[in-house]
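Asker: Structure for the following, please:
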Amino acid sequence: MKKAAPYITGILVVIILTLLAYRSAPRRSPDDPLPLRGGNERDNRAIGEIDLEKLYPGLVLRSAKGPEKIVALTFDDGPDRVYTPKVLDILKEKGVKATFFLIGSRVEEDPEIAKRIADEGHAIGNHTYSHPKLTKASPLLAEELRKTREALEKLGLGDNGFFRPPYGAAEPSLVEQAADLGYRVAMWSVDSLDWRGLSKTEVVRNVEGYVQPGSVILQHSAGGPGEDLSGSVLAVAEIIDILTAQGYRFVTLPEMFPASEKCTEPK
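Answerer: Sure thing, here's the model as predicted:
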């Protein structure tokens, strides 16, 4: 029995340490969004970029061509219960329609907010189910797109055949796989960089300084755990006011890139 005592003591120590670690672990608030499988934006934006728009015209979409003064507001990573409703409130007040790239697992968690997006006339795109870090063709991509599409379909919604890769990371093989699955790859031409937790003034400056006819603007209506998008939300109304005063008209991505323009043949 004396020989067993150290062994028993060791087991008790492990159990106690495990319980303490569990109790001290940060608890997820009901308002916190589900974690992003590939990590937060700030940890993944150093990925190199190929000019896929030139390689796959009509399939990889970054901006509209032509002189018409149209712009598209796009919001990634929603829905959530903190930022997405505030963005929707502002868009409704301003009478502007936008495009929301939704994460399937978050659609399942906040279905009423996802339905509100569609009910208020906004377009929806597919931003995968769990936001993994994918750059090349993979069986996981097909699964991620399917699960998000099914989550939307359960609510009577669709994804308009638009897919935005998490972190904007894509190589030709991923683009070609998305095309085989019936998707066009929707990127952006103006990055607000709001995922850095910028102030309203900084976000407005990042957008206003780079917009031109046909621009696709990237912001976020939700983020990873701990990301502060309050400055981005405050910037939405000012961006709309500034660009409207400059003669721009806001459109959704299905309006900017009609399905008839789809092209799947790489150059």
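Asker: State the distance from Ser199 to Val233.
Answerer: 11 Å (C-beta to C-beta, to the nearest Å). No exception for glycine: its C-beta is placed from N, CA and C like everyone else's.
Asker: So for stretch 197-215, what gets flagged as buried?
Answerer: For stretch 197-215, a neighbour-count test (16 or more other C-beta atoms under 10 Å) marks 197-198, 200, 202-204, 206-207, 211, 213-215 as buried.
Asker: middle-most residue in this structure, spatially?
Answerer: Per C-alpha atoms, centre = their mean, the C-alpha nearest to the average position across the chain is that of Asp76, at 2.4 Å.
Asker: Any chance of the backbone angles for it?
Answerer: phi -100, psi 160 (degrees, to the nearest 10).
Asker: which stretches of this structure form strands?
Answerer: With DSSP state E as the criterion, the chain has strands at 60-61, 70-78, 99-102, 123-126, 162-163, 184-186, 190-191, 216-220, 249-250.
Asker: Check which residues of stretch 213-228 are buried.
Answerer: Those would be 213-224, 227, for stretch 213-228 by 16+ other C-beta under 10 Å.
Asker: Let me fix that, I meant to ask about stretch 122-139.
Answerer: Using 16+ other C-beta under 10 Å as the test for burial, stretch 122-139 gives 122-132, 134, 137.
Asker: Return the item of these having minimum pLDDT.
Answerer: In terms of pLDDT, the weakest of these is Leu134, which scores 90.
Asker: who's in contact with that one?
Answerer: Leu134 sits next to 38, 128, 140-141, 144, 165-166, 169, 174 when contact means C-beta atoms under 8 Å, 6 or more residues apart in numbering.
Asker: who touches the nearest residue to Glu144 once chain neighbours are set aside in this structure?
Answerer: Leaving aside its sequence neighbours, Glu144 sits nearest to Thr128 (C-beta to C-beta, 6 or more residues apart in numbering; 4.0 Å). Residues near Thr128 by C-beta under 8 Å, 6+ apart: 103-104, 134, 141, 144-145, 148, 165-166.
Asker: run the last query once more with 10 Å
Answerer: Counting by C-beta atoms under 10 Å, 6 or more residues apart in numbering, Thr128 touches 36-38, 101-105, 134, 140-141, 143-145, 147-148, 163-166.
Asker: Put the buried members of those into a ChimeraX selection.
Answerer: Buried members of the contacts of Thr128, defined by 16+ other C-beta under 10 Å, are picked up in ChimeraX with:
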select :36,37,38,101,102,103,104,105,134,141,144,145,147,148,163,164,165,166
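Asker: So which of the contacts of Thr128 are in helices?
Answerer: Mapping the contacts of Thr128 onto helices (DSSP state H) picks out 104-105, 140-141, 143-145, 147-148.
Asker: re the thing from before, now, which of the buried residues of stretch 122-139 sits nearest Arg184?
Answerer: Nearest to Arg184 among the buried residues of stretch 122-139 is Gly125, at 9.4 Å by C-beta to C-beta.
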